[in-house]
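> sequence first, predicted coordinates after that:
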Amino acid sequence: MCHMRRVNVRERHHRTGAIVDQVARGDVVVIEKRGVPVAEMRPVNPAPIGFPPSRWDVLKKFPRLKGDSGRFISADRDRG
């Protein structure tokens, strides 16, 4: 669950590092100028870790090779 915090431009300027750390932990920060909200800082969606599941479907279409794949690659390079 994210927490929304409001900071003014001056505070954001003086505490940028701490505010960015809060945003990285999932908080949303609204930046105000003279009491009027003008911007919002929120965490970006994290990049997926690991191999994308959709790519496994593509790889499953290729035949499985028995043996050392490095040798197959080397032999293919030597032919071409």
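Done, it's in.

> how about the strands of the protein, start to end?
For the chain, the strands defined by DSSP state E occupy 4-8, 28-33, 36-41.

> tell me which of these sits most buried.
strand 28-33 (a mean of 16; mean count of other C-beta atoms under 10 Å). Where C-beta positions appear, they are placed from N, C-alpha and C, glycine not excepted.

> quick check: bridge partners of the closest residue to P37 other than its chain neighbours?
Ranked by C-beta to C-beta, 6 or more residues apart in numbering and with sequence neighbours excluded, the top spatial neighbour of P37 is V30, at 5.0 Å. Here V30 sits in beta bridges with R6, E40, going by DSSP bridges.

> when you give positions from now on, start the count at 28
Okay, using 28 as the starting number, the last item reads as V57.

> look up how far E67 lies from V57.
Plainly put, V57 is 5 Å away from E67 if you go by C-beta to C-beta, to the nearest Å.

> quick check: buried residues in stretch 39-47?
Burial within stretch 39-47, assessed by neighbour count using 16 or more other C-beta atoms under 10 Å, is assigned to 39, 46.

> output it as CSV, nothing but the C-alphas.
Provided in CSV are the C-alpha atoms of stretch 39-47 (Å, rounded to 0.1, in the frame of the first residue of the first chain):
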residue,chain,number,x,y,z
ARG,A,39,11.9,19.0,-2.4
HIS,A,40,14.9,20.9,-3.3
HIS,A,41,16.6,20.5,0.1
ARG,A,42,15.6,16.8,0.7
THR,A,43,15.7,15.4,-2.9
GLY,A,44,17.6,12.3,-1.9
ALA,A,45,15.4,11.4,1.0
ILE,A,46,12.3,12.0,-1.0
VAL,A,47,13.5,9.8,-3.9
